[in-house]
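1. sequence unavailable; structure follows:
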């Protein structure tokens, strides 16, 4: 009985989450301007408009560059943090670990407001680079969690053997730990990229005239519904889903030691 209730809860939750996305995807091929029934003629006009509208293209390029930069920075910093947390011993290590992971427990809206106030106090103007810094803070805990688990699985004896043979710590990390974690590093990059590419709140608070794709979608919905949003939303969902599934598949693989 319990299993059936849990299964029912799962399918109800899945329906609540994915049914609106399914409706959006269906109407992205409708020639009607609004989502009305009966379904109008089949068309790919809205998808064509996505690629011919300069603002959508600019938003996509900004989001792509921002997400790639943020993901690379978060993966590298996350690896360094994870390695230190796994291999170092110092007073307050637990507190430092909780501090690094704390952004996961803080509502994103509060993070965005706090970053906006902090940047204003520093005299920094809203821009894509500032938004990038904020998004690194947002996805960094995710990178640390993924990489810490993998680094902990690398036998310490391998590094100790390299040290005994005269290798420095940096060389041992570069030639032993990094190769052992390469799949997890790629998966972490893709996962961070997915979150950064879709992120709206921090980008909204920390950018000014540089429009990312989520901000463009939001402004279009606020100023008046455009059926192109159905096509764009469907494309973003498929793109993000593909990245997320790929990252999860890589994380489930066992890295070669």
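-> Arrived safely, thanks for sending. Quick caveat: nothing in here was measured; it's all calculated off a predicted structure. Numbering: from 1, shown residues only.

2. okay, CA-based contacts and neighbour counts for the rest of this
-> Fine.

3. any regions of the stretch 101-250 of the chain where pLDDT drops low?
-> Judged by pLDDT under 70, the stretch 101-250 of the chain has its weakly predicted residues at 209-210, 224.

4. now for the longest helix along the chain, which elements pack on it?
-> For the chain, the helix with the greatest residue count under DSSP state H is helix 54-87. In terms of contacts (3 or more CA pairs under 8 Å, 6 or more residues apart in numbering; DSSP states H and E), helix 54-87 is packed against helix 45-52, helix 128-153, helix 182-198, helix 213-223.

5. please enumerate residues in contact with whatever helix or strand comes next after it?
-> On the C-terminal side of helix 54-87, the nearest following helix or strand under DSSP states H and E is helix 93-101. By CA atoms under 8 Å, 6 or more residues apart in numbering, the residues outside helix 93-101 that reach it are 85, 141-142, 144.

6. which pair of the residues you listed spans the longest distance?
-> 85 and 142 (14.3 Å; CA to CA).

7. show me which of the two is the more surrounded one.
-> Set side by side, residue 85 and residue 142 show more neighbours around residue 142, with 22 against 19, by other CA atoms under 10 Å.

8. ok so, going back, TSV for the helices and strands packed on helix 54-87, including distance to residue 107?
-> TSV is the format used below for the helices and strands packed on helix 54-87 (distance: least, CA to CA, whole Å):
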stretch	distance to residue 107
helix 45-52	32
helix 128-153	11
helix 182-198	15
helix 213-223	18
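
9. tell me the buried residues in the longest helix of the chain?
-> Judged by neighbour count (16 or more other CA atoms under 10 Å), helix 54-87 contains these buried residues: 56, 58-60, 62-64, 66-79, 81-83, 85-86.

10. now the angle from it to helix 128-153?
-> Using axes from the mean of the first three to the mean of the last three CA atoms, to 10 degrees, the inter-axis angle of helix 54-87 relative to helix 128-153 is 40 degrees.

11. next, the angle from helix 54-87 to helix 45-52.
-> Using the same axes, to 10 degrees: helix 54-87 against helix 45-52 is 80 degrees.

12. quick one: distance of helix 54-87 to the chain centre.
-> Here the centre of mass of C-alpha atoms in helix 54-87, compared against the chain's by CA atoms, centre = their mean, to the nearest Å, lies 8 Å away.

13. for that helix, give the mean pLDDT please.
-> Per-residue pLDDT over helix 54-87 has a mean of 88.

14. do the same with stretch 11-29
-> 80.

15. list the buried residues in it.
-> Buried residues in stretch 11-29 (16+ other CA under 10 Å): 24-29.

16. chain center to that stretch, what's the gap?
-> Relative to the chain's own centre, stretch 11-29 is displaced by 21 Å; criterion: CA atoms, centre = their mean.

17. just stretch 183-200 next, same as before
-> In terms of CA atoms, centre = their mean, the gap separating the centre of stretch 183-200 from the centre of its chain is 4 Å.

18. in that stretch, what's buried?
-> 183-200.

19. nearest spatial neighbour of the residue most central in space within the chain, chain-adjacent residues omitted?
-> Nearest residue to the geometric centre of the chain (CA atoms, centre = their mean): residue 195, 1.6 Å. The shortest distance from residue 195 to any non-neighbouring residue, by CA to CA, 6 or more residues apart in numbering, is to residue 139 (7.1 Å).
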